[in-house]
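Peer 1: Have a look at this prediction, sequence included:
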Amino acid sequence: MAQGKITVIVGPMYSGKTSELLSYAEIYKLGKKRYQIFKPIIDNRYRLQEIRSHSGMKESAIPIAHSADAERYITDEKAIFFDEVQFFDRDLADVVKRIRHLGKDVICAGLDMSFKENPFETTALLLCLADVVIKKRAVCHECGEYNGIITYKYVDNESEIDVGGFDKYFAVCLDCYHKLTQQ
Ligand code: ADP
Ligand code: TMP
Ligand code: MG
Ligand code: ZN
């Protein structure tokens with residue numbers, strides 16, 4: 001049996017990670033191959049049983065509290081998707097390895113860095129396992145260049161786990177990030 005392939009999509013907020021994940025899902029759909037999308041239950045930005053891009057694309061997803069919970073739902077799918085992987089426990093790396101050994105493809109998307117420029121550990125572990133890494137960029141909110149690689153948080157809340165959108169965060173390039181954080 002051929003082993004599955006692991007694809008990891010990373011980048012700052014608004015860089016198109018969820019859109020890219022949904023494009024991959026469409027490829028399986030067009031090929032009439034079954035797939036399942038999982039999301040962390042903590043992500044309550046939209047309806048609980050769906051993932052949604054900032055441009056409004058959406059798909060149904062199963063919300064789970066622990067990454068190992070995903071394995072209880074897996075049956076005969078050809079591909080398994082995880083969005084917002086930065087919010088999952090680090091066991092996700094082992095879960096993904098086991099799924100790959102079942103011959104299923106795994107596509108993961110999530111933030112690589114917090115607004116404090118710290119790597120998210122679960123994303124980092126997945127990057128090590130990946131066959132394919134896709135690093136996305138956003139348009140910098142400050143200078144307008146297409147080189148936004150980090151997220152800036154403009155509300156007074158130091159937590160690196162803090163669900164939100166335009167109400168708290170924008171994407172910036174590193175030069176603009178440096179200027180903003182030096183102020
Ligand atoms: P992510 O999951 O990485 O946050 P999404 O796939 O949900 O990204 O959203 C990408 C969409 O966000 C883009 O197609 C665009 O419509 C919108 N968007 C809003 N702000 C920006 C930005 N600064 N740079 C790029 N896209 C942006
Ligand atoms: P997105 O990448 O799909 O836009 O979603 C990122 C989510 O992660 C969003 O709910 C905000 C949250 N977040 C954090 O919890 N900590 C952070 O440091 C950053 C940048 C985002
Ligand atoms: Mg997203
Ligand atoms: Zn900039």
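Peer 2: Yep, that arrived. Ligands and ions are numbered 1, 2, ... in the order given.

Peer 1: Could you list the contact residues of this structure toward ligand 3?
Peer 2: 17-18 (CB under 5 Å from the ion). The C-beta positions use only the backbone N, C-alpha and C, and glycine is treated the same way.

Peer 1: From what I see, residue 57 and residue 20 are in contact.
Peer 2: No - using CB atoms under 8 Å, residue 57 makes no contact with residue 20, being 10.4 Å away.

Peer 1: more neighbours, these two?
Peer 2: residue 20 (18 against 15; other CB atoms under 10 Å).

Peer 1: Please tell me how far that one sits from residue 160.
Peer 2: Here residue 20 is placed at a distance of 23 Å from residue 160 (CB to CB, to the nearest Å).

Peer 1: Over to residue 176?
Peer 2: To residue 160, residue 176 is 20 Å away according to CB to CB.

Peer 1: In the sheet, which residues pair with residue 109? Tell me.
Peer 2: Beta-bridge partners recorded for residue 109 (DSSP bridges): residue 9.

Peer 1: about what we covered before: compare residue 176 and residue 160 (neighbour count), which wins?
Peer 2: residue 176 (21 against 14).

Peer 1: which stretches of this structure form helices?
Peer 2: Secondary structure of the chain by DSSP state H: the helices cover 17-30, 92-101, 121-129, 174-182.

Peer 1: Please produce JSON lines containing these, extended by distance to residue 50 and mean pLDDT.
Peer 2: Formatted as JSON lines, the helices of the chain follow (distance: least, CB to CB, whole Å; pLDDT from 0 to 100):
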{"stretch": "helix 17-30", "distance to residue 50": "11", "mean pLDDT": "98"}
{"stretch": "helix 92-101", "distance to residue 50": "20", "mean pLDDT": "98"}
{"stretch": "helix 121-129", "distance to residue 50": "22", "mean pLDDT": "98"}
{"stretch": "helix 174-182", "distance to residue 50": "31", "mean pLDDT": "97"}
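
Peer 1: and the protein, which of its residues are near ligand 2?
Peer 2: Proximity of the chain to ligand 2, by CB under 6 Å from any ligand atom, involves residues 13, 17-18, 45, 111, 114-115, 151, 160-164, 169.

Peer 1: from these, which has minimum pLDDT?
Peer 2: Within the residues of the chain next to ligand 2, pLDDT reaches its minimum at residue 45, with 86.

Peer 1: Give me the neighbour count for residue 65.
Peer 2: For residue 65, the count of nearby residues is 11 (other CB under 10 Å).

Peer 1: do you know how far it is from ligand 2?
Peer 2: 16 Å (CB to the nearest ligand atom, to the nearest Å).

Peer 1: if I pick the nearest residue to that residue once chain neighbours are set aside, what's in contact with it?
Peer 2: Among residues not flanking residue 65 along the chain, residue 41 sits closest, at 4.9 Å (CB to CB, 6 or more residues apart in numbering). Going by CB atoms under 8 Å, 6 or more residues apart in numbering, residue 41 touches 48, 63-65.
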